[in-house]
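> Any chance you could fold what I've pasted below:
(chains A, B and C)
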Amino acid sequence: MATSHAQKVGRWALAPSLAALTVWAFVPLAIAIYFAFLRYNLQSDNTGWFGLNNFYYFVNDPYFYKDLFNTVALVLSVLAITIVGGTGLAILLDQPFWGRGIVRVLMISPFFIMPTVSSLVWKNLLMHPVFGLFAAIQRFFGASHVLDWFGTVPLLSVIIIVSWQWLPYAALILLTALQSLDLEQKDASMMDGAGPVSFFRYIVLPHLSRPITVVILIETIFLLNVFAEIKVTSVGGFAGNLTYLVASQLNEATDIGEAAAGGLIAVVLANLVSIFLVRIVGKNLGT
Amino acid sequence: MKKIVTGVVGAFALAMMAGTALADDTTLTIATVNNGDMTRMQKYTDDFTTANPGIKLNWVTLEENDLREKVTKDIATKGGQYDVITIGMYEAPIWGGSGKLLELNALDDPKDFLAADVNGLSAKGKLWAAPFYGESSMIMYRKDLVEKSGLKMADAPNWTDTRALAKKMTDRAAGINGICLRGKAGWGENMAFLTAMSNAFGARWFDEKWHPQFDQPEWKNTLQFYIDMMNESGPQGASGNGFSENLALMQTGKCGMWIDATVAASFVSDPKASQVADKMAYALAPDNGMGKRSNWLWAWALAVPAGTKKAEAAQKFVGWATSKHYTELVAAKEGWANVPPGTRASLYANPEYAKVPFAKMTLDSMNSADPLHPTVKPVPYTGVQFASIPEFAGIASKVGDLFSQALAGQIKVDDALKQAQDYSTAEMTKAGYIK
Amino acid sequence: MAIKISARRQIAFTIIAWTIGILMFFPILWTAIAAFKTESDAYTLPQNFLTTPWTMENFAIVQARSNYLLYIRNTVVIAFVSTILGLLFAVPAAWSMAFAPVTQSTIKWSGWRWLATILGTAFVVGLFLYALGWDLTNRASIGFLALVIVIVPAALWVFSRNTSDSLLWMLSTKMMPPAGALIPIYLIFNRNGLVFKDWGWIDLSDYNIMDSFWGMVPLMMLLNLPIIIWMLFTYFKEIPVEILEAARMDGASLWAELTKILTPMAVPGIVSTCLLNLILAWNEAFWTLNLTNKYAAPLSFFISEYSSPEGQFWAKLSAASIMAIAPIMVVGWFSQRQLVRGLTFGAVK
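From the prediction side, this is the model:
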């Protein structure tokens, strides 16, 4: 048990972080609430109380429901791809083969790439319908009409880029977890004659549930706010998400009031997700 | 807790001192766009600083969209980060009219500026930004492909012939697309082109009472024509192509013709960058026999924001950068082809400059665009490829998204127009134009 | 490995694993190839990447055109200083939560009651502001006062909670969409920003931390603070409490406990936390793109500005991309084991 002295010092040690985060979390929020009720376009002098109109216009924006759907679809599909794919890769990497260290390094590299760079690379060098590598491969196999990735399947294209960035993370976390699996347990179950499927189902999967929770939590935090990938590939009108919609209200329409209202809606939605997620994590990690 | 409070206060005090230190010297901060002419000017600032000792120049060079967003925010919040700003024909009348810019008082022979530029950069009868370079749009085409097709390109073609020619030139198996046009969403990207194009089809953005006009047949004709033509003869992935993407396509020989900014002529005809440099020819943007052509009008211009504390030095700089002296300086050092085009009548009267190819086509294109009367039917706004109201950028960005999706075949033309109509009506109501 | 695996299986696994590894790495490799080609060759890369000549010229052009060194200096300053600053906040906090946890909330209200209190305060303050005409642009002191009144119940809520709730709350702040906070932060950073303008008795008109390290470093620190507190916390949790308790029994002072016992055991955790923070700060793109132009603009800004009105320049863009990602990627390669260990956030014992 901690001593009361340690307790007292502990409170002081925690205070700076709590204070900083309180300011960080609530001051912008309060200012955003103020602006959400204001008619305020940066380029116009017509400013004043606007009631709930900003919220009304944001929700009735032709893109609102579409972008809401895209936000959810992006998060869920990237989570699914990275976790299923990551588990598969982790099992593969857990097998003995030559050059494991180098393959690990190759695999994790996408995680270090800044989103602006990875979007530019995928857009121009790989997915471009005229100069891109994928188009060249299609033409090599005799296709006369190549796939225009960002024109015909914009959301899928974004999902592929984002998954590429996050797959290494999931795979390596799950690999670390697998490697911590008790060797004796492995041996014992093999001796019992358990097949690989039931071994996976009853031994591996339960062991992975905690790391998978962590992967879901960390990825969700970043996936909800995907921005650069959409901005740089300029698919905002096709497959924008809420973050993009709010940012475009601000940057293109220069409408502070509506951007603030949209930001608040995004905050509420994110909090719903976070309450849900944080509960699970709290349970699963037993903090 | 006390320590933290002291710390925070200390940090703020330091930050403020840092701010004060910056404010004390006589450095002008100039926000500018990263194009060739502006970058070139940064090389010749010695000429200005030796003539004006005590003034130092500090350049903040940004990409076009980024520049617009950052300058807009700074001007609106009177942030005072910049002493000289580079703006276009869209912003100048809006900000000038609402008192966010200072009147220019150190210009070199302002009567010499082209009327098209002055009209586009003025509000309330005053010029608010000095044009640094001006541009319009025109057809740039491949002589060899036109010859091969057996058809002809007129100097001032119409849309029907242009489309037929594009179709004839298209040879997708050989990777040749008859026509490359902007399709990437954005008010300065596809909407600049489409709005200018719609002028030739008799369309307009708003009627005299600010009601959006996307439900009218003129817009439907424009958009349908554009999409059909692009499906016939355009490149794959056209909905993602903006200016630079099309430039790359043109330079690598993938396009038969391209309708875009007149400044692009110098890039496609540069043998170092372009594989088709020796095969280029130029024509006016097409019309439809209704009296208006599909070319736009744009100028990058220098202005002094009202928030600056160094107005006098800033005025001097704007005067220098847009002067005849600067033009002569660049001509002496880098040749006449590299002087900023499209701003002064005296430049086009200069026989040396007349030798530059596409100089005349640039002037003709600019003269054929009238920002005060851009459309066939009367409109309450000025601007050829935009409407000079603060809300336009936001509305046109969304509409541009819709039209880009229509081009990609994600939604139908009718749906795109209907959504565009609904959205712009709502926005114009919100902004208080529609009572 | 107790189970014998035949050589044939090992060969099969080797081939599959290498194929997947190379496929994952391929986009980066392809960019690197394009970076060493001339501009016109880069456009036809898929057809002729083996036959065209290699060149180094792109890297020199990128430096000459865009002053790469300025941006990498800014990136390094922001990433390192914000990491160190973050540790100054996070290490005590993580220590406190791991070894001196608060088990009971000091104010025992339900979540609903807190929510009602906070929203109620905001509502009352809002009514007051509405009565004043909802115009703060010229009344900074009233705005500031309103802000303080709204913050008080929120701060009470935050400070009164027990450790496990605090930890989860910290994480949830990381879920805030940055778009919602952008305008307020912009206005706070800006000279004459509407929020802190014209106090009557003090002239703040020269105060400006836009596009400076004074703004970007604290901002980056705050952005990553929840993650690094959590990561450190999970590391500290793994240190057996018995050792500390034994030391306390022996009468070791808190200072001795911290320096002699805890620090040596915590070093690996702190190092991998540093690495993660460096990577996150290096690659951050939302705030840097919106708040910097030059003086504090990092590499993510440099890349996003690398489109040009004179064309696309894919070879140079590739070269610039490689220059922007190479330093952090190499750091990542050498530290990936520690990093991955930390990124499990204690989920793997």
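> Which stretches in the stretch 201-349 of chain C count as helices?
C:213-238, C:241-249, C:254-256, C:263-283, C:286-291, C:299-304, C:314-343 (DSSP state H, counting those that start in this stretch).
> Quick one: closest of the ones you listed to residue A:92.
helix C:314-343 (16.3 Å; C-beta to C-beta). Every C-beta, even on glycine, is put in place using the N, C-alpha and C of the backbone.
> List the buried residues for the closest one?
In terms of neighbour count (16 or more other C-beta atoms under 10 Å in any protein chain shown), helix C:314-343 has its buried residues at C:314-325, C:328-329, C:331-332, C:335-336, C:338-343.
> ok, now stretch B:221-235?
In stretch B:221-235, counting by 16+ other C-beta under 10 Å, buried: B:222, B:223, B:224, B:225, B:226, B:227, B:229, B:230, B:233, B:234, B:235.
> Tabulate these (TSV), appending secondary structure, distance to chain C and pLDDT.
Below are the buried residues of stretch B:221-235 laid out as TSV (DSSP: H, G, I helix; E, B strand; the rest coil; distance: C-beta to the nearest C-beta, whole Å; pLDDT from 0 to 100):
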residue	secondary structure	distance to chain C	pLDDT
B:222	helix	26	96
B:223	helix	27	97
B:224	helix	30	96
B:225	helix	28	97
B:226	helix	23	97
B:227	helix	25	96
B:229	helix	24	96
B:230	helix	20	96
B:233	helix	21	94
B:234	coil	18	94
B:235	coil	13	93
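> Just the closest of these to chain A, please.
Distance to chain A, by C-beta to the nearest C-beta, is smallest for residue B:235 among the buried residues of stretch B:221-235, at 6.1 Å.
> mind listing what that closest one touches?
Residue B:235 sits next to A:129, A:130, B:177, B:180, B:241, B:249, B:254, B:255 when contact means C-beta atoms under 8 Å, 6 or more residues apart in numbering or on different chains.
> Could you tell me how many residues sit around the closest residue to it other than its chain neighbours?
Excluding the flanking residues, the one nearest residue B:235 by C-beta to C-beta, 6 or more residues apart in numbering or on different chains is residue B:177, at 4.2 Å. Close neighbours of residue B:177, defined as other C-beta atoms under 10 Å in any protein chain shown, add up to 25.
> Bridge partners for residue B:177, pull those for me.
On the basis of DSSP bridges, residue B:177 is bridged to residue B:255.
> so residue B:221 sits right up against residue B:201, yeah?
Yes - between residue B:221 and residue B:201 a contact is recorded at 5.2 Å, counting by C-beta atoms under 8 Å.
> Do you know the pLDDT at residue C:271?
Note on residue C:271: pLDDT of 89.
> And residue C:190, how close does it get to residue B:434?
Plainly put, residue C:190 is 33 Å away from residue B:434 if you go by C-beta to C-beta, to the nearest Å.
> More neighbours: the two, which one.
Applying other C-beta under 10 Å to residue C:190 and residue B:434 shows that residue C:190 carries more neighbours, namely 26 against 16.
> wait, the more buried one sits on residue B:79?
Yes - applying C-beta under 8 Å, one finds residue C:190 in contact with residue B:79, separated by 4.5 Å.
> Spit out the residues that contact these two alike.
B:73, C:208, C:210.
> hang on, the second one packs against residue B:81?
Yes - at 7.2 Å, residue C:208 counts as touching residue B:81 under the criterion of C-beta under 8 Å.
> roughly how far apart are the residue of the stretch 101-250 of chain B found nearest chain C and chain A?
Taking C-beta to the nearest C-beta as the measure, the stretch 101-250 of chain B has residue B:248 as its residue closest to chain C, at 4.4 Å. Residue B:248 sits 8 Å away from chain A, taking C-beta to the nearest C-beta, to the nearest Å as the criterion.
> likewise residue C:151?
5 Å.
> could you say which helix or strand contains that residue?
helix C:140-159 (DSSP states H and E).
> From the contact counts, what lies against that helix?
helix A:4-36, helix C:111-131 (3 or more C-beta pairs under 8 Å, 6 or more residues apart in numbering or on different chains; DSSP states H and E).
> Give the buried residues for it.
Neighbour counts using 16+ other C-beta under 10 Å place C:140, C:143, C:146-147, C:150-151, C:153-159 of helix C:140-159 among the buried residues.
> Turn those residues into CSV, including pLDDT.
Shown next, in CSV, are the buried residues of helix C:140-159 (pLDDT from 0 to 100):
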residue, pLDDT
C:140, 69
C:143, 79
C:146, 86
C:147, 86
C:150, 90
C:151, 91
C:153, 92
C:154, 92
C:155, 93
C:156, 92
C:157, 91
C:158, 90
C:159, 91
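> State the pLDDT value of residue C:192.
The predicted local confidence for residue C:192 is 54.
> ugh, wrong one, I meant residue B:96
Reported pLDDT for residue B:96: 92.
> Wait, the residue of the stretch 101-250 of chain B closest to chain C touches residue C:40, no?
No - between residue B:248 and residue C:40 there is no contact under C-beta under 8 Å: 10.3 Å.
> what about residue C:129, how many residues close to it?
Count around residue C:129 with other C-beta under 10 Å applied: 19.
> quick one: it and residue C:146 touch, right?
Yes - here residue C:129 lies in contact with residue C:146, judged by C-beta under 8 Å, at a distance of 6.0 Å.
> joint contacts of those two?
residue C:136.
> Give the helix, strand or coil label for residue B:433.
coil (DSSP: H, G, I helix; E, B strand; the rest coil).
> which residues touch the residue nearest to residue B:235?
Here residue B:177 is in contact with B:170, B:233, B:234, B:235, B:249, B:254, B:255, B:256 (C-beta under 8 Å, 6+ apart).
> and if we set it to 10 Å?
Listed by C-beta atoms under 10 Å, 6 or more residues apart in numbering or on different chains, the contact partners of residue B:177 are A:130, B:166, B:169-171, B:230, B:232-236, B:238, B:249-250, B:254-258.
> just the helices of the stretch 201-349 of chain C: most buried one?
helix C:299-304 (a mean of 26; mean count of other C-beta atoms under 10 Å in any protein chain shown).
> name the element whichever residue of the stretch 101-250 of chain A sits closest to chain C belongs to?
Nearest residue of the stretch 101-250 of chain A to chain C (C-beta to the nearest C-beta) works out as residue A:136 at 3.3 Å. Element membership for residue A:136, per DSSP H and E: helix A:133-140.
> Whatever helix or strand comes next after that helix and chain C, any residue contact?
Where DSSP H and E defines the elements, the next helix or strand beyond helix A:133-140 is helix A:149-152. No - Helix A:149-152 is not in contact with chain C by C-beta under 10 Å from any C-beta of the partner chain; minimum separation 13.7 Å.
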